[in-house]
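# Fold the stuff below for me.
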Amino acid sequence: MTQDSPPSALTSAAADEIESAILDLARSEPTLGQAAVAGRLRQSGLQISASGVRYIWQKHGLETAVKRLQALADAAPEGVDALSESQRHLLERGTLSTRLARDAHTGEEHGKGGDGGGAALDRRQLILHAAARLFSQQGYDRTSIRDIAGEVGLLPGSVYHHFASKEALYLAVHREGFKRVQERAKAAAAAGRDPWDSLRRACEVHVSGMVGDSPIDRITGRSLAFTGHQNLLAMTRDDREAFEKIYRDLIDALPLAPGADRTLLRLVLLGALNWVFIWYREGRRSPAAIAEGIVDIVRRGVQA
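Presented below is the predicted three-dimensional model:
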């Protein structure tokens, strides 16, 4: 039997076992989303749905990653120092999100519209980050506007004020990501000593974004192909092409062996960069070392 609602449908022992397992994961891996937790438990033989996980989280006041991280910090003698660096950043960002959302909600209730254009811009960024986080964890189809609103403490109507639909929000996440990495890669490449160094520098900031704390950077370039929605992929074509032009220009400037396929080189390189997030483990290799290694492998194969 799958647990979708209060565990009364299960035997008391089974419900207790499932609840205990969910709380154990909330402590050991607080940033896992509800779908990921449900999948992890099903692999161990405990049958529960994503909504069942959320029910248990809500029961204990742990329904967001920020709340789970805060509970973990509160329970540890060393406080927030018990968290990893990326977890501390997420907690700090989440605390800011909560404050801004509370201010926004107060402004809406009093008909004041928050605290002006700056707050509206901040709220839009908070929604983008929350959406990227959930799209990355749960996928496009399993994430709702209500989920996203709940992640930042807003009402669903507040999300629709900034984005007309879930599709529009999904596209905005990717466009924001493409814009960010495009700007960083351009600036980094401009400081290169030669064409190969320019490429290495662009790759380094690309990898840094993919493995950093921003879910918008992490989701860009790697999740569109897995949505199953070709219309979404098509609607980002102009943004993707503008982003890929940076690498097209950098590769065109390289001194390559005669007959080297520059288009294939670009596609292989981007594929390698965008896949780093899948296997990256903090502390093993730095983004700079990863980028240098990837470019070195490419260079040995294609340079003149």
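
# check which helix or strand covers the residue nearest to Cys203 when sequence neighbours are not counted.
Excluding its sequence neighbours, the residue lying closest to Cys203 (CB to CB, 6 or more residues apart in numbering) is Ala291, at 3.9 Å. Just so you know, the C-beta spots here come from the backbone N, C-alpha and C atoms, and that holds for glycine as well. Taking DSSP states H and E as the criterion, Ala291 maps to helix 287-302.

# Identify the residues contacting that helix?
Residues from elsewhere that reach helix 287-302, judged by CB atoms under 8 Å, 6 or more residues apart in numbering: 196, 199-200, 203-204, 206-208, 211, 254, 256-257, 260, 265, 268-269, 272-273, 276, 280, 285.

# With stretch 268-281 instead?
Residues outside stretch 268-281 that contact it (CB under 8 Å, 6+ apart) are 203, 206-207, 210-211, 218, 221-222, 244, 247, 251, 290-291, 294, 298.

# Just give me the least confident of those residues.
In terms of pLDDT, the lowest of the contacts of stretch 268-281 is Gly221, showing 55.

# Now do the SS call for Asp249.
Secondary structure, DSSP: H, G, I helix; E, B strand; the rest coil: Asp249 is helix.

# From what I see, Glu151 and Thr64 are in contact.
Yes - Glu151 is within contact range of Thr64, at 5.8 Å (criterion: CB atoms under 8 Å).

# Wait, His229 touches Gly139, no?
No - judged on CB under 8 Å, His229 makes no contact with Gly139 at a distance of 10.6 Å.

# Look up how far Arg285 lies from the residue nearest to Cys203.
Going from Ala291 to Arg285 by CB to CB, to the nearest Å gives 10 Å.

# In terms of neighbours, single out the busier of these two.
More neighbours surround Ala291 than the other of Ala291 and Arg285, with 25 against 16 (other CB atoms under 10 Å).

# ok, the closest residue in space to Leu32 that isn't next to it in sequence - how many residues close by?
Leaving aside its chain neighbours, Leu32 sits nearest to Leu25 (6.2 Å; criterion: CB to CB, 6+ apart). Leu25 has 17 neighbouring residues, counting by other CB under 10 Å.

# Start at 212, not 1
Done: numbering now begins at 212, and the last item shifts to Leu236.

# which phi and psi does Thr242 have?
When read as degrees, to the nearest 10, the backbone of Thr242 gives phi -90, psi 0.

# oh sorry, the question was meant for Ala375
The phi and psi torsions at Ala375 (degrees, to the nearest 10) take the values phi -70, psi -20.

# How about the one 10 residues further on?
Taking degrees, to the nearest 10, you get phi -70, psi -40 for the backbone angles of His385.

# Asp450 is in contact with that one, correct?
Yes - assessed by CB under 8 Å, His385 is found in contact with Asp450 at 6.9 Å.

# who's more crowded, the two?
Legend: neighbour count by other CB under 10 Å for His385 and Asp450, higher for His385 (24 against 18).

# which residue sits closest to that one, ignoring its sequence neighbours?
Per CB to CB, 6+ apart, closest to His385 is Thr447, 5.4 Å.

# where does the protein have its least confident helix or strand?
Lowest by mean pLDDT, DSSP states H and E among the helices and strands of the chain is helix 296-320, with a mean of 59.

# got the contact list for Trp407?
Taking CB under 8 Å, 6+ apart as the criterion, Trp407 is in contact with 465, 506, 510, 514.

# between those, which is nearest Glu378?
Distance to Glu378, by CB to CB, is smallest for Val506 among the contacts of Trp407, at 36.0 Å.

# circling back: between Glu362 and Thr275, point out the one with more neighbours.
Using other CB under 10 Å, the more surrounded residue of Glu362 and Thr275 is Glu362, with 25 against 20.

# Show the model's pLDDT score for the nearest residue to Asp463 once chain neighbours are set aside.
Closest residue in space to Asp463, ignoring its immediate chain neighbours: Arg473 at 6.4 Å, by CB to CB, 6+ apart. For Arg473, the pLDDT comes out at 92.

# cool, and Gly494?
On the pLDDT scale, Gly494 is placed at 77.
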